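Enquirer: Please find the sequence and the predicted model below.
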Amino acid sequence: MEPADALDEIASLLERERASRYKSKAFRAASAAIAGLSAAQLDDVASLRRRPGLGESTVRVIVQAREGAIPDYLAELRALHGPPTSALRSLLRGDLHAHSDWSDGLTSIDLMVDAARALGHEYLALTDHSPRLRVAHGLSAERLREQMGVVAGFSSRGFTLLSGIEVDILDDGDLDQDPELLGALDIVVASAHSKLRMEKRAMTRRLIAAVRDPRTDVLGHVTGRLIAGSRGLRPESEFDAAAVFAACAERGVAVEINSRPEREDPPDELIAVALDAGCLFSIASDAHAPGQLALLAEGAARAEAAGIPPERVVTTWSLDRLREWAARPR
């Protein structure tokens, strides 16, 4: 295989397992560092070791790839990530929750699109954060307008990149962005990121208000819990799940099944409540790097185990049907 392809695949697999961002970025930087090198330059190991952006691990990958072998490190990572076993995963056509380096993602929009295309996606919604989430470099109205222009430029590249946002749900249930601007986006994912220990009745009112906002398409990681990972543990928010999911069903708002292993949100018992309420669902990666787009397999396996019919999952729908749903009367 080509050395650059091996380096990029290693970076993607490291991103998928949420390894240190510096580790995955090192392999992407190495791929960029050898771009345009001739075969002779790639075979000059002494010169490679002196080249900026390359280290001993990345040089070893290049050497083994040039020898016609699958690099050892790549083979090791591939063995950890077998092919998806969920039949539902094969029906997914896209992803409605992904981030770029415009907010707290690790890479450019271009690399996210390339990874989505490689996975066979027909569409991807770019949903960077809104202004109040300063720690995640949330987008002001001005920056979001600028990004929408960039997103529109992908329409001529043979891939559908949907304009979107993961908009913060404010304490009173309002959405953290200009309403007119939200109305101009293809997809709006509304998520709570602060005051997650709010009293149960207040949190219920907060979430229902967000669901009833005419611009909301998806209710993101509804409980806000963290069950593993470097950010530590966080308990579920308390709210009246039956009331919140009834509002989702009434408004046609999809309940997100967040595929990140540290979230697994909603928990299984709440997926059952949403299913009984007649809700639609969106299986989403919440990817912050290209390799994390493949996390959809984990969300799809949970959804299938919960007995969610594929037709109730909006990300199994064609682009035309998805657009009709997002443009529905509210």
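Expert: Here it is on my side, so go on.

Enquirer: confidence score at the closest residue to R234 other than its chain neighbours?
Expert: Excluding its sequence neighbours, the residue lying closest to R234 (CB to CB, 6 or more residues apart in numbering) is L226, at 4.1 Å. Yep, even glycine has a C-beta here, placed from its N, CA and C like the rest. As summarised for this prediction, L226 has a pLDDT of 96.

Enquirer: what are the ranges of the strands in the stretch 1-150 of the chain?
Expert: Taking DSSP state E, counting those that start in this stretch as the criterion, the stretch 1-150 of the chain carries its strands at 94-95, 123-126.

Enquirer: Just put these in TSV and tack on mean pLDDT and distance to S31.
Expert: Shown next, in TSV, are those (pLDDT from 0 to 100; distance: least, CB to CB, whole Å):
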stretch	mean pLDDT	distance to S31
strand 94-95	98	23
strand 123-126	98	21
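
Enquirer: what separates the residue nearest to L139 when sequence neighbours are not counted from M148, distance-wise?
Expert: In space, and not counting its chain neighbours, L139 is closest to D128: 5.5 Å by CB to CB, 6+ apart. Per CB to CB, to the nearest Å, D128 is found 11 Å from M148.

Enquirer: Compare these two and say which is more crowded by neighbours.
Expert: D128 (24 against 18; other CB atoms under 10 Å).

Enquirer: List the contacts of that one.
Expert: D128 is in contact with H99, S100, W102, S103, D104, G105, G138, L139, L144, Q147, I165, E166, counting by CB atoms under 8 Å, 6 or more residues apart in numbering.

Enquirer: one more time with 10 Å, if that's ok
Expert: 98-105, 109, 136-139, 143-144, 147, 164-166 (CB atoms under 10 Å, 6 or more residues apart in numbering).

Enquirer: out of everything not next to it in sequence, what's closest to L293?
Expert: Nearest to L293 is A287, by CB to CB, 6+ apart, at 4.6 Å.

Enquirer: For that neighbour, give the beta-bridge partners.
Expert: A98 (DSSP bridges).

Enquirer: what number of residues lie near it?
Expert: 29.

Enquirer: pLDDT score for it?
Expert: 97.

Enquirer: What separation do you get for Q41 and I34?
Expert: 8 Å.

Enquirer: Need the residues touching each of the two.
Expert: With CB under 10 Å, 6+ apart, Q41 and I34 have common neighbours L48, R51.

Enquirer: between these two, who's got more neighbours?
Expert: Between Q41 and I34, I34 has the larger neighbour count (other CB under 10 Å), namely 20 against 12.

Enquirer: need the contact list for that one.
Expert: Counted by CB under 10 Å, 6+ apart, I34 has contacts 2-4, 7, 41-42, 48, 51, 53-54, 58-59, 62.

Enquirer: and which of the residues you listed is nearest N258?
Expert: For the contacts of I34, the minimum distance to N258 (CB to CB) is 29.1 Å, reached by L7.

Enquirer: tell me the contacts of that closest one?
Expert: 26-34, 54, 58, 61-62, 65, 71, 73-74.

Enquirer: 8 Å instead?
Expert: With CB under 8 Å, 6+ apart, L7 has these contacts: F27, R28, A30, S31, I34, T58, V61, I62.

Enquirer: Surely the third one and P52 touch.
Expert: What it means is A30. No. Here A30 lies out of contact with P52, judged by CB atoms under 8 Å, at a distance of 10.2 Å.

Enquirer: Please identify which of these two sits among more neighbours.
Expert: Using other CB under 10 Å as the criterion, A30 and P52 rank with A30 on top: 26 against 6.

Enquirer: Please name the spatially closest residue to that one (chain neighbours excluded).
Expert: That would be T58: by CB to CB, 6+ apart, it lies 3.8 Å from A30.

Enquirer: returning to that earlier point: give me the subset of the contacts of D128 lying in helices.
Expert: Under the assignment DSSP state H, these contribute I109, R143, L144, Q147 to helices.

Enquirer: closest to Q292 among these?
Expert: I109 (14.7 Å).

Enquirer: Quick check: the gap between the spatially closest residue to that closest one that is not a sequence neighbour and A4.
Expert: In this structure, I109 finds its nearest non-sequential neighbour in S100, 4.6 Å apart by CB to CB, 6+ apart. Here S100 is placed at a distance of 21 Å from A4 (CB to CB).
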